[in-house]
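*Asks:* Okay, sequence plus prediction incoming.
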Amino acid sequence: MDKTTIDLQENLNLICTGSFDKNDVSAFMMDLRGFVSKKSAPVLRDLCDFFAHKKRTEGESFDWVESFLNEFIDEIEKNGSITIHRPLFNKIEIINSILLALNSNGIKVDEIAFKTQADKFVNLLLDYLDKIEYKSKNSKVKSCFIKKGGEKAYFCFRLQNISQSAQIRRDGPGQICVEIFYAGNKDQRSFTEYKVYFK
């Protein structure tokens with residue numbers, strides 16, 4: 001067994017017992033990265049890549065965010081509207097994808113214990129993602145970063161050189177960031193009602 005596999009197993013054991021912190025989650029995700037291919041599990045691999053690259057310029061989530069930003073800017077300039085589909089990262093899908101990757105690579109895991117720690121694991125994972133930046137290729141995007149909000153995470157952005165001003169709302173005013181990671185509760189699976197409204 002090589003060192004990466006040993007380290008991964010040790011951190012996995014800590015997680016399953018509940019005696020882990022943000023650094024253990026970071027180490028686990030960094031080691032897991034070597035066992036997850038972009039082809040077989042692109043969303044999980046992208047999540048692992050956050051732990052290797054604090055500023056994102058590629059990957060599944062970068063493409064998702066960049067596509068949204070380009071469409072959002074286009075709609076602002078046309079005085080249009082936009083609907084956003086459910087967030088890219090889903091806690092339940094991520095946990096199941098991690099377990100599949102571990103099992104596929106012969107890593108011993110107590111699945112019940114791991115799932116028992118899922119809330120704590122994801123909470124610490126989101127602590128790590130908080131404030132990570134996306135470096136958009138669109139010159140009208142001044143900044144774009146991830147912001148943790150409870151058991152969810154959003155990507156927030158500021159634009160420049162735009163003649164119109166706009167905000168995103170769902171079920172009323174006030175929401176100005178777009179959800180990228182959600183808890184995976186059944187009542188949120190049909191998350192499709194974000195729209196852009198113009199001031």
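*Replies:* Yep, that arrived. Here the structure is a predicted model, which is why all the values come from computation and not from measurement.

*Asks:* and the lengthiest helix in the chain, what other elements does it pack with?
*Replies:* Ranked by residue count, the top helix of the chain under DSSP state H comes out as helix 60-78. Helix 60-78 sits against helix 42-49, strand 133-134, strand 141-149, strand 152-159, strand 178-182, strand 195-198, with contacts defined as 3 or more Cβ pairs under 8 Å, 6 or more residues apart in numbering; DSSP states H and E. Quick note: C-beta positions are derived from backbone N, CA and C, even for glycine.

*Asks:* Need these in a markdown table (columns: mean pLDDT and distance to D2).
*Replies:* As requested, those are exported to a markdown table (pLDDT from 0 to 100; distance: least, Cβ to Cβ, whole Å):
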| stretch | mean pLDDT | distance to D2 |
| --- | --- | --- |
| helix 42-49 | 96 | 18 |
| strand 133-134 | 95 | 33 |
| strand 141-149 | 89 | 32 |
| strand 152-159 | 85 | 32 |
| strand 178-182 | 83 | 31 |
| strand 195-198 | 45 | 49 |
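
*Asks:* want to throw the ones you listed into CSV with distance to D24 and mean neighbour count?
*Replies:* Output for the helices and strands packed on helix 60-78, formatted as CSV (distance: least, Cβ to Cβ, whole Å; neighbours: other Cβ atoms under 10 Å):
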stretch, distance to D24, mean neighbour count
helix 42-49, 15, 21
strand 133-134, 24, 18
strand 141-149, 18, 17
strand 152-159, 19, 19
strand 178-182, 19, 21
strand 195-198, 40, 13
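
*Asks:* Quick check: which of the ones you listed is nearest to N70?
*Replies:* With Cβ to Cβ as the criterion, N70 lies closest to strand 141-149 of the helices and strands packed on helix 60-78, at 9.1 Å.

*Asks:* Next, the angle from the closest one to strand 152-159.
*Replies:* When axes from the mean of the first three to the mean of the last three Cα atoms, to 10 degrees is applied, the directions of strand 141-149 and strand 152-159 differ by 160 degrees.

*Asks:* Out of the helices and strands packed on helix 60-78, which gets nearest to D74?
*Replies:* Shortest distance between D74 and the helices and strands packed on helix 60-78, using Cβ to Cβ, is found for strand 195-198: 10.7 Å.

*Asks:* and after the longest helix of the chain, which helix or strand comes next?
*Replies:* Heading C-terminal from helix 60-78, the first helix or strand you meet, by DSSP states H and E, is strand 89-90.

*Asks:* and that next one, how far from the chain's centre?
*Replies:* 6 Å (Cα atoms, centre = their mean, to the nearest Å).

*Asks:* Low-confidence regions, this protein specifically.
*Replies:* The model of the chain has pLDDT under 70 over residues 83, 85, 164-176, 185-199.

*Asks:* quick one on the thing from earlier: buried sites along the longest helix of the chain?
*Replies:* E60, S61, F62, W64, V65, E66, F68, L69, F72, I73, E75, I76 (16 or more other Cβ atoms under 10 Å).

*Asks:* For the closest residue to the third one other than its chain neighbours, list the residues it contacts.
*Replies:* So the one you mean is F62. With sequence-adjacent residues excluded and distances taken as Cβ to Cβ, 6 or more residues apart in numbering, F62 is closest to R56, at 4.9 Å. By Cβ atoms under 8 Å, 6 or more residues apart in numbering, the contact list for R56 reads D49, F50, F62, I132, E133, Y134, K135.

*Asks:* Thanks a lot, see you next time.
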